[in-house]
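The sequence and its predicted three-dimensional model are supplied below.
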Amino acid sequence: MISITTSNNKKVYFASDQHLGAPTPETSFPREKKFVSWLDEIKEDAEAIFLLGDLFDFWFEYKTVVPKGFVRVLGKLAEIKDSGIPIYFFVGNHDLWMNDYFEKELNIPVYHKPQEFIINNKKFLIGHGDGLGPEDKGYKRMKKVFTFPFFKWLFRWLHPDLGVKLGQYMSVKNKMISGDEDAKFLGEENEWLVQYCKKKLTENHYDYFVFGHRHLPLEINLSAKSKYVNLGDWIQYFTYGEFDETFKLLKH
């Protein structure tokens, strides 16, 4: 378990669901610039940065090829990491085919499932959030297929011009991108991530559960000493998390 202690008025930052490339590279370009400007701001007092998935609307790593574009955000992440600020990346359902590109090129660790961290003596469980909790069985089955090594091997045989175009088309078809129908608060009893967090609390104590995926900024007290936070998105809300002694959900 990684432990982080902030010093000299520094903070830990969290962001999720930028979906760069959706619905087209041209229309997402202003979002990329806005996100890069946020990274420029927080690098001045960041102790660490957590990116909780779906940074890209589609991402697939061939052995020698990655999707073109996104040079501004990739360059900024490289600059920040090279300056000595740790960055932790969690894959989402739109960039779940991320392999080792971030680790080799940017020296940024990549996580494929929720991880525990200790930040300023507070226990966090952090992840993207897709496929957790009860129900959503169709997506869980689909994810098993998409992450199965044979399926990835088969997709890799598609020429990148065809494979990336097909992947981008399928990603944009996902209705979560629109930020409307699914991005509505359903009530605690119907929020699968809330149910997941409550179940985890019966096994271990966590001060904070921090997830993305829902495209909806949420702060829900699970108990007197435990809180669930959903970071929202950078399509409609442009929200992010900030933590030093307490967790704040803020808007850029």
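Done, it's in.

show me what contacts the nearest residue to Leu51 once chain neighbours are set aside?
Ranked by CB to CB, 6 or more residues apart in numbering and with sequence neighbours excluded, the top spatial neighbour of Leu51 is Phe89, at 4.9 Å. Using the backbone N, CA and C atoms, a C-beta is placed for each residue, glycine as well. Counting by CB atoms under 8 Å, 6 or more residues apart in numbering, Phe89 touches 51, 53, 55, 98, 102, 108-111.

By neighbour count, which of these wins?
When neighbours are counted by other CB atoms under 10 Å, Leu55 leads these with 30 neighbours.

where's the closest residue to that residue other than its chain neighbours relative to Lys184, distance?
Counting by CB to CB, 6+ apart, Leu55 lies nearest to Gln18, which is 5.1 Å off, once chain neighbours are set aside. According to CB to CB, to the nearest Å, Gln18 stands 21 Å off from Lys184.

more crowded one of those two?
Between Gln18 and Lys184, counted using other CB under 10 Å, Gln18 has the larger neighbour count: 28 against 11.

Checking my notes, that one in a strand, right?
No. Using DSSP: H, G, I helix; E, B strand; the rest coil, the assignment for Gln18 is coil, not a strand.

Tell me the confidence at it?
Gln18 carries a pLDDT score of 95 in this model.

Quick check: it touching Tyr237?
No. At 11.5 Å, Gln18 does not count as touching Tyr237 under the criterion of CB atoms under 8 Å.

And the strands in the protein?
For the chain, applying DSSP state E gives strands covering 2-4, 11-15, 46-51, 87-90, 110-111, 115-119, 122-126, 208-211, 217-223, 226-231, 239-243, 247-251.

so where's the stretch 151-252 of the chain shaky on pLDDT?
151-182 (pLDDT under 70).

And the helices in it?
For the stretch 151-252 of the chain, applying DSSP state H, counting those that start in this stretch gives helices covering 160-172, 192-201.

List the contacts of His7.
Just so we're on the same page, residue 7 is Ser rather than His. Glu47.

what's the answer for the one 3 residues further on, then?
If you count contacts by CB under 8 Å, 6+ apart, Lys10 has them with 45-47, 244.

roughly how far apart are it and Lys81?
With CB to CB as the criterion, Lys10 and Lys81 are 16 Å apart.

which ones are touching the residue nearest to Leu55?
Here Gln18 is in contact with 31-32, 35, 54-56, 73, 233-235 (CB under 8 Å, 6+ apart).

Which ones among the residues you listed map onto helices?
31-32, 35, 73 (DSSP state H).

ok, His215 touching Trp234?
No. With contact defined as CB under 8 Å, His215 does not reach Trp234; the gap is 9.5 Å.
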